[in-house]
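**Q** no sequence for this one, just the structure:
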């Protein structure tokens, strides 16, 4: 039953991971071919320790970035008071080294951890077809694609990355885009090392596939291996040492004479796009598929030298992207917040507050999921914990199962949209739009969807009270005779004033003295707690704050502070998304420590899970950037743009077609490949049509929420079914589909009224902006 689930044993952070391996690293089946077992075990252990060691780099990464923020902020406060000399003496001020150290550390993290992620089975694949095959068929397909795609791609990557690193090492190359000008070869060393670890882990995965396909098929593959190695060696030599074996000349004479491969570059790009779609749907890990296809079609359409240069350039650019450093830090922050147990505490308090209202549990689920969407952004965590907390009480109170399942899964998906959304952080560089603008633009649509969900759930309860009955009297809390005064005091005055102080502090409006912006909210919290204790003791005229307000306060205020300072500092321009993510990560550690939930085991578990999800996303970012660079170099995006523009469709019609494409792709695919592969192809078309890319990004983000609620992938359904086994999967699907319709309505509103997305960015960046409703109705 759901209430018997131990949340500490749930792995709820791997929402993007299709197949996490259950066996321990180094363990091999006893019936595996004897000579393969020690090879597989040794490679597994090597990558295990590589992952365990490199994940620890997150800790210094957090402190380096927090030091930069604190040092710069205090320096500004001291100089504002004329204490320049004192600030300089104690070493305050903007640092030159923190920026480069942080972005290089983030890049090294995902490159060195890539082999560990493959060993743990966390590289993403579109497996909705793959999982329907038998185990032997899956293993045969995997082995074939490892030989066809993986090993050539990783071998070329390793060799090219080694040459790239060696070049930087020999001339002691320094960074040209930084005042500090650090030496680059130490960070670039992560590229060939990471590629080598991936290459070795591929051998272990190939042997596992051999074992799973059965002895008969294994014999055929092992007999073919010597021939394969010879062919791979020939391809390698002819690629990198063309003078030794003039294979290119032979090929050109054969292929050129027949005219079979004589296509122009845009057409080759179309072949590349078709091969990519076919290969992805076969079910092989997407990152390695993209790398191989980019190598192959890039070399065909241009030449191998340009293709290899694009490979190293794109991977290096991804490693040094200062915006993408925020990805692992926000992931870590979310995992630590989940471990602190604040979600359960807040849910219980809101449930008791609304206990005399029909649909109280729906309100509690949606309120808590909205708050924690801004704190964690981890859909799997939200859906799983909400299922554990709400299902038991919903069943006991006679709530409608389908509406309950839909509310939980839809509320959990808000984390993909409401900042700090990992998807928006990844989408910013793809669209070449500041992540800050995307965060600002996503807040109102996120709240809009939460409100639409709540209106729908409560409306159904109003039309049919049996769907969400009032909680039993034995579960309703004891309150004072002035319950509504309690509500007004806590929500209207206490929490409202706290949020205003935090926002004002983040914007610098409270800079009366150094650290005033931080101290003022803390003083107000102390005042609220003192008032709470005083009313409990004195009870003036019978009024007091009941116990549920303490639970509500302790569940809401800590994440609110963390959200406001992390997200508020981004929106106000006080810190970059990467800096704010570091502050949020440190704050989540302190919160876990304050709630006595922090142990060495839990901290390390959070670090290793952060590494897994980070590698999954970042390696796909690098691979898709390489694929996109080759695709663009072939001229196909320009060709497609001209072709689509020739249809002479209006901007609205074209956007409707694009949104329909994204919606359909969201059924079989996750958001990661859609954002990183499909969206970049559309960017030239959008630029030509003059579409606001911030607005477009929010449309895509809202659209992609459907990926969490649409079968056959619908991971939210499986997370919920895992903790509420008594709910039928069919009922969960029907519940989700109702809220997917609500998402489409929300998408239509944002499409028809762009002001829902564009008002807040305009309001925060320009004084005298129109009010919200006039902006939505009439625009600027």
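**A** On my side now, so go ahead. Because the structure is predicted, anything quoted here is derived from the model rather than measured.
**Q** need the contact list for residue 196.
**A** By C-beta atoms under 8 Å, 6 or more residues apart in numbering, the contact set of residue 196 is residue 158. Quick note: C-beta positions are derived from backbone N, CA and C, even for glycine.
**Q** before we move on, which element is it in?
**A** Secondary structure assignment for residue 196, by DSSP states H and E: helix 190-213.
**Q** C-terminal to that helix, which secondary structure element comes first?
**A** Immediately after helix 190-213, counting by DSSP H and E, sits helix 215-240.
**Q** scan this structure for its longest helix.
**A** helix 600-633 (DSSP state H).
**Q** how about the contacts made by residue 362?
**A** Residues near residue 362 by C-beta under 8 Å, 6+ apart: 399, 403-404, 407, 454, 457-458, 461, 468.
**Q** in PyMOL, how would I select the buried members of the residues you listed?
**A** Buried residues within the contacts of residue 362, by 16 or more other C-beta atoms under 10 Å, are selected in PyMOL with:
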select buried, resi 399+403+404+407+454+457+458+461+468
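**Q** and the contacts of residue 362, which two are furthest apart?
**A** Spatial extent of the contacts of residue 362 (C-beta to C-beta) is set by the pair 399 and 454 at 15.0 Å.
**Q** list just the nearest of the contacts of residue 362 to residue 445.
**A** Comparing these against residue 445 with C-beta to C-beta places residue 454 closest, at 15.0 Å.
**Q** which helices and strands sit right next to the one helix or strand that closest one maps to?
**A** Element membership for residue 454 (DSSP H and E) is helix 435-463. In terms of contacts (3 or more C-beta pairs under 8 Å, 6 or more residues apart in numbering; DSSP states H and E), helix 435-463 is packed against helix 360-375, helix 401-412, helix 422-431, helix 547-571, helix 577-594, helix 693-704, helix 729-752, helix 755-765.
**Q** tell me the angle of the first one relative to helix 401-412?
**A** Orientation of helix 360-375 against helix 401-412 (axes from the mean of the first three to the mean of the last three C-alpha atoms, to 10 degrees) gives an angle of 20 degrees.
**Q** buried set for the helix or strand just after helix 360-375?
**A** Proceeding N to C from helix 360-375, the next assigned helix or strand is helix 379-397, under DSSP H and E. Of the residues in helix 379-397, 379-395, 397 count as buried by neighbour count, 16+ other C-beta under 10 Å.
**Q** in the stretch 1-150 of the chain, where is pLDDT below threshold?
**A** Across the stretch 1-150 of the chain, the ranges flagged by pLDDT under 70 are 1-23, 73-94, 126-128.
**Q** where along it do the helices fall?
**A** Counting by DSSP state H, counting those that start in this stretch, the stretch 1-150 of the chain has helices at residues 37-54, 58-80, 84-89, 97-112, 114-119, 135-145.
**Q** out of those helices, which comes closest to residue 165?
**A** For the helices of the stretch 1-150 of the chain, the distance to residue 165 is smallest for helix 97-112, at 11.3 Å, taking C-beta to C-beta.
**Q** circling back: pLDDT of the longest helix of the chain, averaged?
**A** Mean per-residue pLDDT for helix 600-633: 88.
**Q** and it, how far from the chain's centre?
**A** Distance of helix 600-633 from the chain centroid (C-alpha atoms, centre = their mean, to the nearest Å) equals 9 Å.
**Q** so which bits of it are buried?
**A** Buried, per 16+ other C-beta under 10 Å, within helix 600-633: 602-603, 605-633.
**Q** mind checking how far the closest residue to residue 210 other than its chain neighbours is from residue 225?
**A** Excluding its sequence neighbours, the residue lying closest to residue 210 (C-beta to C-beta, 6 or more residues apart in numbering) is residue 218, at 4.4 Å. Note on residue 218: its distance to residue 225, by C-beta to C-beta, to the nearest Å, is 11 Å.
**Q** same check, this time on residue 359
**A** Taking C-beta to C-beta as the measure, residue 359 falls 62 Å from residue 225.
**Q** in terms of neighbours, single out the busier of the two.
**A** A count of neighbours by other C-beta atoms under 10 Å puts residue 359 above the other of residue 359 and residue 225, at 26 against 12.
**Q** give the contact list for the more buried one.
**A** 457-458, 460-461, 467-468.
**Q** any stretches of the stretch 651-780 of the chain with poor pLDDT?
**A** The model of the stretch 651-780 of the chain has pLDDT under 70 over residues 707, 711-715, 765-780.
**Q** rerun that using 80 as the cut-off
**A** Counting by pLDDT under 80, the stretch 651-780 of the chain has low-confidence residues at 666-672, 706-716, 718-719, 722-723, 763-780.
**Q** could I get the pLDDT score of the residue of the chain positioned farthest from its centre?
**A** Distance from the centre of the chain peaks at residue 541, with 51.5 Å (C-alpha atoms, centre = their mean). At residue 541, the model reports a pLDDT of 81.
**Q** and what of residue 303?
**A** 76.
**Q** how near is it to residue 342?
**A** Distance from residue 303 to residue 342, by C-beta to C-beta: 56 Å.
**Q** got it, and residue 348?
**A** Residue 348 sits 11 Å away from residue 342, going by C-beta to C-beta.
**Q** need the overlap of contacts for these two.
**A** Counting by C-beta under 8 Å, 6+ apart, the residues touching both residue 348 and residue 342 are residue 555.
**Q** more neighbours: these two, which one.
**A** residue 342 (26 against 19).
**Q** just checking, residue 179 touches residue 96?
**A** Yes - using C-beta atoms under 8 Å, residue 179 is in contact with residue 96, at 5.5 Å.
**Q** neighbour-wise, which of these two wins?
**A** The neighbour count for residue 179 versus residue 96, taken as other C-beta under 10 Å, is higher for residue 96 (14 against 10).
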